[in-house]
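In: I'll drop the sequence and a predicted model, then ask my questions.
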Amino acid sequence: MRERMMSATRSRTAGLPMYDPPELHAAVDAWWDGLASAFRAEGIAGVPDRLERTLALDALWGSPDLLFTQTCGYPLFGSWAGRMQYVATPRHGADGCDGPYYCSFIVVPAHSAAHRLEDLRGARCSVSARISHSGFNALRSLFAPLANDARFFGAVSVSGGHAESVAQLAAGEVDVAAIDCVSYALLSRCRPQVTRLTRVIGRTPSAPGLPYATHPDAPPALVERLRAGLARAFADPELARTRSLLLLEGCDVLPDGFYDCMFEAEAEAKRRRYVELD
C-alpha cells in the first residue's frame, strides 16, 4: 500500500540505456511511450512520461524511485545482486541472437591482418566496461585458454561503451573489441560509415540477453504488472514498426539460474588465472 501511495504522488524513474544511441532516441522514446501506456493499462501508478538519460548507469540503476530499466545480466546477478530485481528478458532479431540468447562479435579494424583469435596476441584491446558481460566477461572467457602466464593482449583500455569501442576500431586506435551483437547490428543500421571500417572474425559463446529490471523492493504484484505490460506492448500491432527498428521480437521470463553461465565463464577464466584481461 505504501509503495502505491508513493508512486501515485510522483512519477518514478525509468531508463533504457543499453541500446540507445542518439540516432535511435526517437525510436526508443516511441517504444517507451508504448511501454508506459501498457504499464498504465495494467494499473501501475507513477509511470514517467519520459526516459531518464542524464544519470550515469549506477545512479539510474540505484535510483530509489526506479520503476523500470534495462541492464546486463552480469552485474544484475553479480556485483549488483540484491540492488535491482529481475523482470524479464527481451528477444532480439539480430545476427548472433537465438531466442533469449545473444553473443558478442570479436571485431577488428577492416584493414587488420588478424583472421584468427591467436592472431591477436599482443594486440590493443578495448572493453566497453568491466561490469559488462558482452564487452569484458565473455571476451575474457574466450581468450583465457590462449593466455600464457595469465597474459594475452599487449594493452587493455576501457572505452565506456560498445559504440565507443567500435569508433576506436574504425579509427585504428585499438586492434580488437568484443561487441554485443545487438549493438553491432543497430550501429550497422545507423552508423554504417563507421561499422564498414570494421570486420568480424569470431564470436563468443551465447548467453542470456540483457534483462529488464526494477527496484529491488518492488512487490511481487508490481513485478507481475510490469511483465503483463511488457506482454501487452510486445503484442501491440501499433508498435510493430518501432519494435522492428529496435530489432525487438519478444520477451521471456527466464527461470532462476538462467544467467549462471556468465559466472561459470568467469570462474573458468579465474581458474586459468586470467582475471584482468591483460
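Out: Sure, I can see it.
In: buried ones in the host helix or strand of E268?
Out: Using DSSP states H and E, E268 sits within helix 260-271. Buried residues in helix 260-271, defined by neighbour count with 16 or more other C-beta atoms under 10 Å: 261-262, 265-266, 269. The C-beta positions use only the backbone N, C-alpha and C, and glycine is treated the same way.
In: what does the model give the closest residue to L230 other than its chain neighbours for pLDDT?
Out: Spatially, and ignoring its direct neighbours in sequence, L230 is nearest to C251 (5.0 Å; C-beta to C-beta, 6 or more residues apart in numbering). Reported pLDDT at C251 in the predicted model: 98.
In: Can you report phi and psi for C251?
Out: phi -150, psi 140 (degrees, to the nearest 10).
In: on that earlier part again, quick check: the two most widely separated of the buried residues of helix 260-271?
Out: C261 and A269 (12.8 Å; C-beta to C-beta).
In: Where does P90 sit: helix, strand or coil?
Out: Using DSSP: H, G, I helix; E, B strand; the rest coil, the structure places P90 in strand.
In: what about it, how many neighbours?
Out: 24 (other C-beta atoms under 10 Å).
In: And it, how close does it get to A235?
Out: According to C-beta to C-beta, to the nearest Å, P90 and A235 sit 13 Å apart.
In: name the element the residue lying closest to L239 once chain neighbours are set aside belongs to?
Out: Using C-beta to C-beta, 6+ apart and skipping the chain neighbours, the partner closest in space to L239 is G34 (4.3 Å). Assessed by DSSP H and E, G34 sits inside helix 25-41.
In: which strands and helices sit next to that helix?
Out: Secondary-structure packing of helix 25-41 (3 or more C-beta pairs under 8 Å, 6 or more residues apart in numbering; DSSP states H and E): helix 220-235, helix 240-245.
In: what's the burial count for the closest residue to C190 other than its chain neighbours?
Out: Distance criterion C-beta to C-beta, 6+ apart; nearest residue to C190, sequence neighbours excluded, is E23 at 3.8 Å. Residues near E23, counting by other C-beta under 10 Å, number 13.
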